[in-house]
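J.: What follows is a predicted protein model with its sequence.
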Amino acid sequence: MTAQDATAAAAGSERTVRTTLQWAALLVLFLLGVIELLGGAGGLVGSSQAAPGPGRSSVEDLARRIGCTADITTDAADLRQGMCTSGGEEIWIATFPTERARDAWTSEAKAYGGSYLVGEGWVVVLSDTTADLLHGLLGGVIVSGVDHTGSHSHTGSG
């Protein structure tokens, strides 16, 4: 075997290994895609639109109680949210699988200001014009976020 033959054989062997690795990578990606298609959020095997637990309302139920039809914008395992319009106001509604998930979301949202109507497994973002109406329709507790208006009052000396 000549040096040229040895180089050609090595190059051919390297190409074979590279091709095998490329096919293996494609096969892994394909299998991951099939797994996601069948079992992932919104997959064919299980529905990501889990039924709310006992006593919990869905985004659609809350929207119906408000008097509007929700357009679902997020349908994930840890958060389901939708928007609807009532009386010219856009209303944002979210449901959570656990109180812990709802509380974590509400804690983070408070930093952005605004007001939130918080119920068992759900949150509705409030505006000044919808606060009393939605609180009367849905119940829950009104939670206020951080005030970003700049109209803080300062009392005391200093």
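T.: That came in fine, so what should we check first? Numbers count the residues shown, from 1 in each chain.

J.: can I have the host helix or strand of residue 136 written out in CSV, keeping just the CAs?
T.: Per DSSP states H and E: residue 136 is located in helix 131-138. Extracted in CSV, the C-alpha atoms of helix 131-138 (Å, rounded to 0.1, in the frame of the first residue of the first chain):
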residue,chain,number,x,y,z
ALA,A,131,-61.9,46.8,39.0
ASP,A,132,-65.3,47.1,40.8
LEU,A,133,-67.2,45.3,38.0
LEU,A,134,-64.9,42.3,37.8
HIS,A,135,-64.5,42.0,41.6
GLY,A,136,-68.3,42.0,41.8
LEU,A,137,-68.7,39.3,39.1
LEU,A,138,-65.8,37.0,40.0
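
J.: Against which helices or strands is it packed?
T.: Helices and strands touching helix 131-138, by 3 or more C-beta pairs under 8 Å, 6 or more residues apart in numbering; DSSP states H and E, are helix 59-66, strand 115-119, strand 122-126. Bear in mind the C-beta positions are built from the backbone N, C-alpha and C, glycine included.

J.: Need the contact partners of the last one.
T.: Spelled out, it's strand 122-126. 56-57, 59, 62, 91-96, 102, 105-106, 109, 114-117, 134-135, 138, 140, 142 (C-beta atoms under 8 Å, 6 or more residues apart in numbering).

J.: That strand vs helix 131-138, what angle?
T.: For strand 122-126 against helix 131-138, the angle by axes from the mean of the first three to the mean of the last three C-alpha atoms, to 10 degrees is 150 degrees.

J.: Appreciated, that's everything.
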